[in-house]
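Undergrad: I need the structure of the sequence given here:
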Amino acid sequence: VSKNTKLSTLNCSGNVLKKLDIKNNVLGELYCQKNKITTLVIGNSPRLLKAYNYGGKLVDGVMQYGYWQMFPVLDFGYLYVDPSVKILENEIMPTGIKLNKTSATMYYGNEMTLTATVSPADATDPTVTWSSSNPDIATVANGKVKAKNKGGETTITAKTVNGLTATCKITVYADNNPANIFADIKYGTWQYNAAKAVYDKGYMTGKGNLNGRVLFSPDTDMTRSQFVVSLYSMDGKPAVTYEQRFSDVKSGDWYASAVTWAVKNGITAGNKNGTFGVNGKATREQIALMFYKYAVYKGYDVSIKASTNLDGFTDASKVDSWAVEAIKWAVERGIISGKGNATDGYRIAPTSSATRIECAAMMNKFSEVYSGAKLGEEDLEDPIALPMEEVEDLPVPSDEIEDIIDDEDTEDEDVIDDEDNTDEENSEDAADDENDSEELPDEEENPKE
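TA: Alright, predicted model coming up:
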């Protein structure tokens, strides 16, 4: 109730009030029966010189039933409250808060409960609110923490009504298998097989280190520059002389040599606005085209059977004309197998972005097709044959997709190992370019890959 209010009657009956503070007010009568009030803060004791309890009794400051009549009438004429409402002269605020843990280790899907202790024990309102600094790593509700399917760290915070906090640092791993080199991919899965294969060969690196285990960031979208670097690494990183071609590719950038190599060898091109679109997300059709042109550059057989078509995909008509041949080639060789399921149909999803793990699986399949063996030594199930959760098509205006790539900002850009500096991958801060690029392979989003 606002300070210094002068009311003859305040009727709060039949509401769902949990707390009522009426200090520094002048009230003739106050009604607050049938609420959820557990504490009533009325102010300093001099205003309660005499309290007459009509038809009830007062026990240890708790109104058991009935009503009070105050004399002299300084603040109230009559006070009506429900039984068991605690009457306080002044509110007791929390002075501290502690958690039963300050740090903890969890694994995918596991849950644990944190307990918060507010002091003093008789604080008027000991309510605590919970939050997670990174809900993608772990969520929290009423102290119950649940690890999500991403490895990393997050901080759980418990906060009192007056802003006091206590924290617990949570570290989440995919599993506790000592043979697992990755913090965010479960051992023995097709994702692990694909990631370890390209990681061991140096075609892709991690995005950080979590207490000695690699953070691969499998669900992060691949950017144009990152995918070009991966192809450049597959080719052994041949020496090239940098040439200034694009406004967003400077000499010394971790992707500069890869972009120079790719453009010189006809594997990709830049945007029509004079940029390469280093931070733009590579789409599935763009990635297919880059793979196709890389195969041509290497002198591999890229012939397509006359019987090969895209009729089995529900969105075949959405493939840009410049990418049709490359998509047919990729589908025929199993590099792209489509998203979806047999019931709802399979989609190419040509303009959808591809994640790091999808690109790793496609690189593995590409190597298998043209070398007769997978990159990795593990004889795990082929990821191309495994169903993945269906990903909806990303609608792209036709006037924006000429024959290049949709440039969007990517925060997690550290994807691929570069010849100059593997740590530089984390420094991609450039703004993404618009989607009017030339003929760059689109990202590969592959539910089966």
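
Undergrad: Put the alpha carbons of the helix or strand encompassing T157 into CSV.
TA: Using DSSP states H and E, T157 falls within strand 152-160. Extracted in CSV, the C-alpha atoms of strand 152-160 (Å, rounded to 0.1, in the frame of the first residue of the first chain):
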residue,chain,number,x,y,z
GLY,A,152,30.1,-26.8,-21.9
GLU,A,153,29.8,-24.7,-18.8
THR,A,154,27.0,-22.6,-17.3
THR,A,155,26.5,-20.8,-14.0
ILE,A,156,23.3,-21.5,-11.9
THR,A,157,22.3,-18.5,-9.8
ALA,A,158,19.9,-18.4,-6.9
LYS,A,159,18.6,-14.9,-6.0
THR,A,160,16.7,-13.6,-2.9
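
Undergrad: First residue to last residue on stretch 167-184, what's the distance there?
TA: Stretch 167-184 has an end-to-end distance of 23 Å (C-alpha to C-alpha, to the nearest Å).

Undergrad: swap in stretch 201-216?
TA: Start-to-end, stretch 201-216 (C-alpha to C-alpha) is 14 Å.

Undergrad: residues of it that come out buried?
TA: 201-208, 210, 213-216 (16 or more other C-beta atoms under 10 Å). C-beta here means a position set from N, CA and C on the backbone, and glycine is covered the same way.

Undergrad: Which of these sits closest to K365?
TA: Of all these, K365 sits closest to Y203, with 13.0 Å by C-beta to C-beta.

Undergrad: Where does the residue nearest to I156 when sequence neighbours are not counted fall, secondary structure wise?
TA: Take I156 and drop its neighbours on the chain: the residue closest to it by C-beta to C-beta, 6 or more residues apart in numbering is C168, 4.6 Å away. In the assignment (DSSP H and E), C168 maps to strand 165-173.

Undergrad: I'd like to check what contacts that strand. Which residues are they?
TA: 97-99, 101-108, 114, 116, 132, 137-138, 145, 147-148, 150-159, 183-184, 210-211, 213 (C-beta atoms under 8 Å, 6 or more residues apart in numbering).

Undergrad: returning to what we had before: so which of the buried residues of stretch 201-216 are in helices?
TA: K201 (DSSP state H).

Undergrad: Kindly reformat the buried residues of stretch 201-216 as JSON lines and extend each row with pLDDT and distance to N193.
TA: Below are the buried residues of stretch 201-216 laid out as JSON lines (pLDDT from 0 to 100; distance: C-beta to C-beta, whole Å):
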{"residue": "K201", "pLDDT": "92", "distance to N193": "13"}
{"residue": "G202", "pLDDT": "93", "distance to N193": "17"}
{"residue": "Y203", "pLDDT": "94", "distance to N193": "14"}
{"residue": "M204", "pLDDT": "95", "distance to N193": "14"}
{"residue": "T205", "pLDDT": "90", "distance to N193": "17"}
{"residue": "G206", "pLDDT": "87", "distance to N193": "16"}
{"residue": "K207", "pLDDT": "86", "distance to N193": "19"}
{"residue": "G208", "pLDDT": "87", "distance to N193": "21"}
{"residue": "L210", "pLDDT": "90", "distance to N193": "20"}
{"residue": "R213", "pLDDT": "93", "distance to N193": "17"}
{"residue": "V214", "pLDDT": "94", "distance to N193": "15"}
{"residue": "L215", "pLDDT": "94", "distance to N193": "18"}
{"residue": "F216", "pLDDT": "94", "distance to N193": "12"}
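
Undergrad: quick revisit: tell me, how many residues neighbour the residue nearest to I156?
TA: Neighbours of C168 under the rule other C-beta atoms under 10 Å: 20.

Undergrad: what's the distance between it and G109?
TA: Separation of C168 from G109 (C-beta to C-beta, to the nearest Å): 19 Å.

Undergrad: Next: I357.
TA: Using C-beta to C-beta, I357 is found at 18 Å from G109.

Undergrad: who's more crowded, those two?
TA: Between I357 and G109, counting by other C-beta under 10 Å, I357 is the more crowded of the two (28 against 12).

Undergrad: if I look at that one, how far off is Y292?
TA: Applying C-beta to C-beta, the value for I357 to Y292 is 21 Å.

Undergrad: same deal with A123?
TA: In terms of C-beta to C-beta, A123 sits 67 Å off from Y292.

Undergrad: before we move on, back to that, export the buried residues of stretch 201-216 as CSV, with columns for distance to G277.
TA: Formatted as CSV, the buried residues of stretch 201-216 follow (distance: C-beta to C-beta, whole Å):
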residue, distance to G277
K201, 26
G202, 25
Y203, 21
M204, 20
T205, 21
G206, 24
K207, 20
G208, 24
L210, 30
R213, 32
V214, 28
L215, 25
F216, 24
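
Undergrad: which ones among the buried residues of stretch 201-216 are found in strands?
TA: Of the buried residues of stretch 201-216, the ones assigned to strands by DSSP state E are 210, 213-214.

Undergrad: So which of those residues is the closest to D175?
TA: Set against D175, the nearest of those by C-beta to C-beta is R213 (10.3 Å).

Undergrad: residue contacts, the closest one?
TA: Here R213 is in contact with 151, 173, 180-183 (criterion: C-beta under 8 Å, 6+ apart).

Undergrad: Give the bridge partners for it, please.
TA: Going by DSSP bridges, R213 is paired in beta bridges with L210.

Undergrad: Hmm, R224 is touching L289, no?
TA: No - counting by C-beta atoms under 8 Å, R224 sits too far from L289 to count as a contact (11.7 Å).

Undergrad: more neighbours, those two?
TA: Neighbours of R224 and L289, each counted by other C-beta under 10 Å, are more numerous for R224; the result is 36 against 30.

Undergrad: Right, I'll leave it there.
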